[in-house]
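**Q** I need the structure of the sequence given here:
(2 chains)
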Amino acid sequence: AQSVTQLGSHVSVSEGALVLLRCNYSSSVPPYLFWYVQYPNQGLQLLLKYTSAATLVKGINGFEAEFKKSETSFHLTKPSAHMRDAAEYFCAVNTDTGRRALTFGSGTRLQVQP
Amino acid sequence: DAGVIQSPRHEVTEMGQEVTLRCKPISGHDYLFWYRQTMMRGLELLIYFNNNVPIDDSGMPEDRFSAKMPNASFSTLKIQPSEPRDSAVYFCASRPGGSGNTIYFGEGSWLTVV
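**A** Residues are numbered from 1 along each chain as shown, chains lettered A, B, ... in the order given. You can find the predicted model right below:
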């Protein structure tokens, strides 16, 4: 079975500050890891994904994440927050065995203060 | 390319009524997923199909919920009879076969049962 834990249900940063959203996973087999973003009243949009190639993954809107197997982490970062980054962010895990659906974390709501 | 298309986008219904949510996946995708999103439980997988066959329905809450996929381009999620606790956003999603492929989400069906 696989699972994802997102630390911090709410994160608040100032515009221009570093964004760091934390995600730790649990999986008995090599995982595929995803970050999705959900803007108010919208569906989920893929930000980036890790599929066992490069451990540092770059996504849309200036976001990136680093897969660290030793720490079982896949934290999402952005050097400089923008007001439009305010949204809910979900980390998710999938594997090639067992259930082929994404298992999501509980989400982190990012607030960006002017 | 058209994404995952869901209908209706919003529905308000009275307790006890039948609700049918519809989904058209992205053409060529082998997998179709139904998720439910609530404040209390986050994003939960209800059921998923592979090549129109239900693979895992362990997330379906109870017998009031049923899902079908009569062909590769259409799926329904039905709730009969509906209850206020079914109020949620229901997402349909699809992805191609193969390893680590992205799951694409529809905009969601926002259900309110009064």
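**Q** Residues of chain B that sit close to chain A?
**A** Residues of chain B found near chain A (C-beta under 8 Å from any C-beta of the partner chain) are B:4, B:31, B:33, B:42-43, B:45, B:48, B:50, B:55-56, B:91, B:93, B:99-100, B:102-108, B:110. (Glycine included, C-beta is placed from N, CA and C.)
**Q** closest point of chain B to chain A, which residue?
**A** Proximity of chain B to chain A (C-beta to the nearest C-beta) peaks at residue B:100, 3.6 Å away.
**Q** Residue B:14 against residue B:113, yeah?
**A** Yes: between residue B:14 and residue B:113 a contact is recorded at 7.4 Å, counting by C-beta atoms under 8 Å.
**Q** So for the two, which residue has more residues nearby?
**A** Neighbours of residue B:14 and residue B:113, each counted by other C-beta atoms under 10 Å in any protein chain shown, are more numerous for residue B:113; the result is 20 against 10.
**Q** Run through the residues that contact the residue of chain A found nearest chain B.
**A** Closest contact between chain A and chain B, by C-beta to the nearest C-beta, is at residue A:51 (3.6 Å). When contacts are counted by C-beta atoms under 8 Å, 6 or more residues apart in numbering or on different chains, residue A:51 touches A:32, B:99-100.
**Q** among the residues you listed, which ones are buried?
**A** Using 16 or more other C-beta atoms under 10 Å in any protein chain shown as the burial test, the contacts of residue A:51 include A:32, B:100 as buried.
**Q** which ones among the contacts of residue A:51 are found in strands?
**A** When those are checked against strands (DSSP state E), the matches are residue A:32.
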